[in-house]
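Trainee: For reference, the sequence and a predicted model appear below.
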Amino acid sequence: MRGRSVWRTPWPGFRSGVWWKKVIALFGYLLIGLFVLGFLSNGSLGLLSIAAVGLGLGFLMSDLRGIRSHSPILGSTNLSTAAIGWVVVAILSVTTVLVAAGYDASNSQASPSAGRTAAPTAASARTTISPASVPTSVPIPLSTGRAVAAPTLPPVQSGAQTPVAAVAPPPSISLPPVPTFTLAPIATSTFAPLPTFTLPPFPTLTFAPLPTQPPVTPVPTPAPAPVAPVPNLCGAPANPWGYNFCSGATISAPPASFCNYFSCIANFWNGRGSVMQCSDLMFSLSGGIRGSCSYHGGNYRYLRAP
């Protein structure tokens, strides 16, 4: 598998895709590029150190290639340890920039003194050469064995020096005086006092006393009517005559509303005997007569009056 090119790797600031992060990153890279160009133009180590420190801090803050997260101090989960690591990085960055700036300052101070010492050296090089020190002819041995005289040089005058053109002093530039601006005093605004509003007193409300209600006379609670005890009918239906199966005389003349309280057979009123309850619990008026309750299972018991 081919390795991914570094130029295709998203650089810090362009990996998130957020436009304002891209603008800040582009501005930072342009500023670092300007510092590098300044170093290439005048050799200032201060500019180069600022560019290097800015680029390094950008890589640390964006965690490029995991350089921050893999650091045991900056990538620590303890906030105190990570803060100490960032303080150390800041101190090292400021120290680097200050050292480079101090080195540039020392070089700028040494440059004028070197120029001043070079001028006397060049002047001393142009010293007077006496004619005696310059040979007029130098024998050059040849293969034939004869000596050939060299061309004769003109004698150098003693004390003669090459004239140096005088350097004109730089022109004096006079700056115009800076005009003095006098600010006019700010006008003081006086506001009229606000009118005082006096609220009228609120009327006092007097409530009339409520009329005294006469005492309520308690209504006597009527005594509950005594409930007549329910007689024991020994299983007979409830009826107003007290007819029962307990004891008493037989009933041969029941009242006309008898069948409203008792279950009578169809031909009850055709009977001529006493009231008798058949086996199917129907009542017949043929009690004591032969063949009574013959169609209702036979005789069961007499109904009696108290």
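Mentor: Received, thanks.
Trainee: Run through the strands of the stretch 1-150 of the chain in chain order.
Mentor: According to DSSP state E, counting those that start in this stretch, the stretch 1-150 of the chain carries its strands in the segments 140-141, 147-148.
Trainee: quick one, what contacts residue 61?
Mentor: Going by CB atoms under 8 Å, 6 or more residues apart in numbering, residue 61 touches 12, 68. The C-beta positions use only the backbone N, C-alpha and C, and glycine is treated the same way.
Trainee: Residue 261 contacts residue 242, correct?
Mentor: No: at 11.3 Å, residue 261 does not count as touching residue 242 under the criterion of CB atoms under 8 Å.
Trainee: so where's the stretch 201-306 of the chain uncertain?
Mentor: Applying pLDDT under 70 to the stretch 201-306 of the chain flags residues 228.
Trainee: Going along the chain, name the strands of it.
Mentor: For the stretch 201-306 of the chain, applying DSSP E, counting those that start in this stretch gives strands covering 249-250, 274-278, 283-287, 299-302, 304-305.
Trainee: mind giving me CSV with those strands and columns for mean neighbour count and distance to residue 60?
Mentor: Formatted as CSV, the strands of the stretch 201-306 of the chain follow (neighbours: other CB atoms under 10 Å; distance: least, CB to CB, whole Å):
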stretch, mean neighbour count, distance to residue 60
strand 249-250, 12, 125
strand 274-278, 23, 115
strand 283-287, 24, 116
strand 299-302, 16, 116
strand 304-305, 18, 120
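Trainee: Tabulate these (TSV), appending distance to residue 238.
Mentor: Shown next, in TSV, are the strands of the stretch 201-306 of the chain (distance: least, CB to CB, whole Å):
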stretch	distance to residue 238
strand 249-250	20
strand 274-278	15
strand 283-287	14
strand 299-302	17
strand 304-305	15
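Trainee: Count the residues that sit near residue 251.
Mentor: 20 (other CB atoms under 10 Å).
Trainee: Next, the contact list for the closest residue to it other than its chain neighbours, please.
Mentor: Using CB to CB, 6 or more residues apart in numbering and skipping residues adjacent in sequence, the residue nearest residue 251 is residue 275, 4.4 Å away. Contact analysis of residue 275 by CB under 8 Å, 6+ apart lists 243, 250-252, 254, 258, 262, 283-285, 287, 302-303.
Trainee: between those, which is nearest residue 44?
Mentor: Closest approach between the contacts of residue 275 and residue 44, by CB to CB: residue 262, at 134.9 Å.
Trainee: Pull the contacting residues for the closest one.
Mentor: Per CB under 8 Å, 6+ apart, neighbours of residue 262: 237, 239, 243, 275, 283, 303.
Trainee: Out of these, flag the one nearest to residue 31.
Mentor: Nearest member of these to residue 31, counting by CB to CB, is residue 237, at 117.2 Å.
Trainee: my read: that closest one touches residue 259, true?
Mentor: No: the criterion here is CB under 8 Å, and residue 237 misses it with residue 259 at 11.2 Å.
Trainee: Model confidence for the residue nearest to residue 62 when sequence neighbours are not counted, exactly?
Mentor: What sits nearest to residue 62 in space, not counting adjacent residues and going by CB to CB, 6+ apart, is residue 12, at 3.3 Å. At residue 12, the pLDDT value in this model is 70.
Trainee: what's near enough to touch residue 12?
Mentor: Residue 12 makes contact with 25, 58, 59, 61, 62, 64, according to CB under 8 Å, 6+ apart.
Trainee: For residue 211, give me phi and psi.
Mentor: For residue 211, the backbone dihedrals are phi -60, psi 140 (criterion: degrees, to the nearest 10).
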